[in-house]
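Student: Can you look at this prediction? I've put the sequence above it.
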Amino acid sequence: MDENTLSVIKLKNILLVTVPDEPGDDIIHELQTKVLHAIEKYQSKGLILDISNVNILDSFFARTISETTQMVALMGGKTVIAGMQPCVAITATELGLHLGKAISTLDVDRALDIFSDNFKLV
């Protein structure tokens, strides 16, 4: 698999998306489209967006994360953003990124714990 390929993995009733380290605009747009279609197809309760590989956040990526989080919420799901690096957190704050009702965790394991505490992963 190409390292810049985006995949949406279904884990019980949630989705896991790992973002490549240097996602281009086409990958970012694909992220939103794939996530929303997978939420509908699998009737998922939520999304874990693993951005632990991402070192640079631009305004398009920040806006897409924010919009996708809102769209997942409108479809009845919850978003957990996992693995945000300090440099990305600084940039996100400088860009005014608002995650709405999304929460963030240090890693995917903690994100899975949040879902297992709030939903039965059946």
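Tutor: Thanks, I have the structure now.
Student: What is the burial count for the closest residue in space to Leu36 that isn't next to it in sequence?
Tutor: Leaving aside its sequence neighbours, Leu36 sits nearest to Met71 (CB to CB, 6 or more residues apart in numbering; 5.8 Å). Every residue, glycine included, has its C-beta placed from N, CA and C. As a burial measure, Met71 scores 16 neighbours (other CB atoms under 10 Å).
Student: For the protein, name the helix or strand with the lowest mean pLDDT.
Tutor: helix 108-118 (a mean of 89; mean pLDDT, DSSP states H and E).
Student: Show me what counts as buried in that helix.
Tutor: Val108, Ala111, Leu112, Ile114, Phe115 (16 or more other CB atoms under 10 Å).
Student: So which residue is smack in the middle of the chain?
Tutor: Geometric centre of the chain, nearest residue: Leu49, 2.3 Å, by CA atoms, centre = their mean.
Student: confidence score at it?
Tutor: pLDDT, Leu49: 97.
Student: Run through the bridge partners of it.
Tutor: Val17, Ile81 (DSSP bridges).
Student: my guess is it contacts Val80, does it?
Tutor: Yes - with contact defined as CB atoms under 8 Å, Leu49 reaches Val80; the gap is 7.2 Å.
Student: Show the residue spans covered by the helices in this structure.
Tutor: Along the chain, counting by DSSP state H, helices occupy 25-42, 59-74, 86-94, 108-118.
Student: Quick one: distance of the last one to the chain centre.
Tutor: For helix 108-118, the gap between its own C-alpha mean and the chain's C-alpha mean amounts to 14 Å (CA atoms, centre = their mean, to the nearest Å).
Student: Of the helices of the chain, which stretch is the most buried?
Tutor: Among these, helix 59-74 has the highest mean neighbour count (mean count of other CB atoms under 10 Å), at a mean of 18.
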